[in-house]
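Q: fold the following.
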Amino acid sequence: MLPPARAVSGNMFRKDAAYIIVGGLTGLGWACVQFLVAYGAGHAVCFSRRKPSQENLKNINDLESSSSCNVVSEQVDVTRYDSVENGFKSVNNRFPCAEIKGVIFGAAILSDAIIESMDNVKFATALSPKVRGAWNLHLITRDLNLDYVVIHSLFPAYMVIKENRIMGLGIRSKMV
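A: Okay, here's the model as predicted:
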């Protein structure tokens with residue numbers, strides 16, 4: 001049984017630590033980056049399979065300019081172990097004095113289709129970032145002394161409901 005949670009006052013995150021946010025360039029992932037910065041993180045590293053857009057780079061620059069946190073992006077495909085391993089090596093090389101102390105995981109790939117019409121490839125494409133990505137992160141981080149591991153998703157993403165559409169982050173009802 002877990003001990004009861006206690007309220008935290010002050011900074012929840014460490015200035016001398018790095019935190020990895022998988023899927024951190026947009027949406028809920030970017031909100032997590034902003035939360036980390038607001039509550040004291042020293043280094044926030046966004047893992048994304050894509051290079052950051054000009055808008056992403058501007059957002060990163062604006063956030064860095066308004067805080068004492070280093071915010072960077074690494075191109076990492078969490079479905080590939082070697083890519084995750086290289087991403088972690090890059091973080092350690094970039095911030096050699098900052099121990100990795102947390103991972104926030106929200107990777108997803110949009111695969112919008114009616115479930116009944118999805119073949120195995122489309123279904124695997126939608127779930128691979130969550131399943132394979134989480135496993136690869138587990139393998140890389142299992143010997144680290146992490147303070148935080150947060151995996152976020154919407155439960156309905158994995159429910160099979162007739163006439164609904166599955167996406168990497170959730171389901172969307174077919175409009176009738």
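
Q: in stretch 77-86, which residues are buried?
A: By neighbour count, and taking 16 or more other C-beta atoms under 10 Å as the criterion, the buried residues in stretch 77-86 are 77-79, 83-84. C-beta: built from backbone N, CA, C; applies to glycine.

Q: farthest pair within the residues you listed?
A: Thr79 and Val84 (8.8 Å; C-beta to C-beta).

Q: these two touch, right, Cys83 and Glu74?
A: Actually, residue 83 is Ser rather than Cys. No. Using C-beta atoms under 8 Å, Ser83 makes no contact with Glu74, being 9.5 Å away.

Q: quick revisit: what residues are shared contacts of Thr79 and Val84?
A: Contact criterion C-beta atoms under 8 Å, 6 or more residues apart in numbering; residues bridging Thr79 and Val84 by contacting each: 133, 136.

Q: what is the neighbour count of the residue nearest to Gly42 when sequence neighbours are not counted?
A: Spatial nearest neighbour of Gly42, chain neighbours left out: Lys15 (3.9 Å); criterion: C-beta to C-beta, 6 or more residues apart in numbering. Lys15: 12 surrounding residues under other C-beta atoms under 10 Å.

Q: which residues touch the most centrally placed residue in the chain?
A: Centroid-nearest residue in the chain, with C-alpha atoms, centre = their mean: Val22, separated by 2.2 Å. Shown in contact with Val22 (C-beta under 8 Å, 6+ apart): 29, 47-48, 76, 78, 103-107, 133, 137.

Q: select only the buried ones of those in PyMOL?
A: Buried subset of those, written as a PyMOL selection, criterion 16+ other C-beta under 10 Å:
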select buried, resi 29+47+48+76+78+103+104+105+106+107+133+137
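
Q: tell me which entries of the contacts of Val22 lie within helices.
A: 29, 133, 137 (DSSP state H).

Q: ok, so of these, who is nearest Ala126?
A: Looking across those and measuring by C-beta to C-beta, the closest to Ala126 is Gly133, at 12.2 Å.

Q: show me what contacts the closest one?
A: Gly133 neighbours (C-beta under 8 Å, 6+ apart): 22, 78-79, 84, 105, 107.
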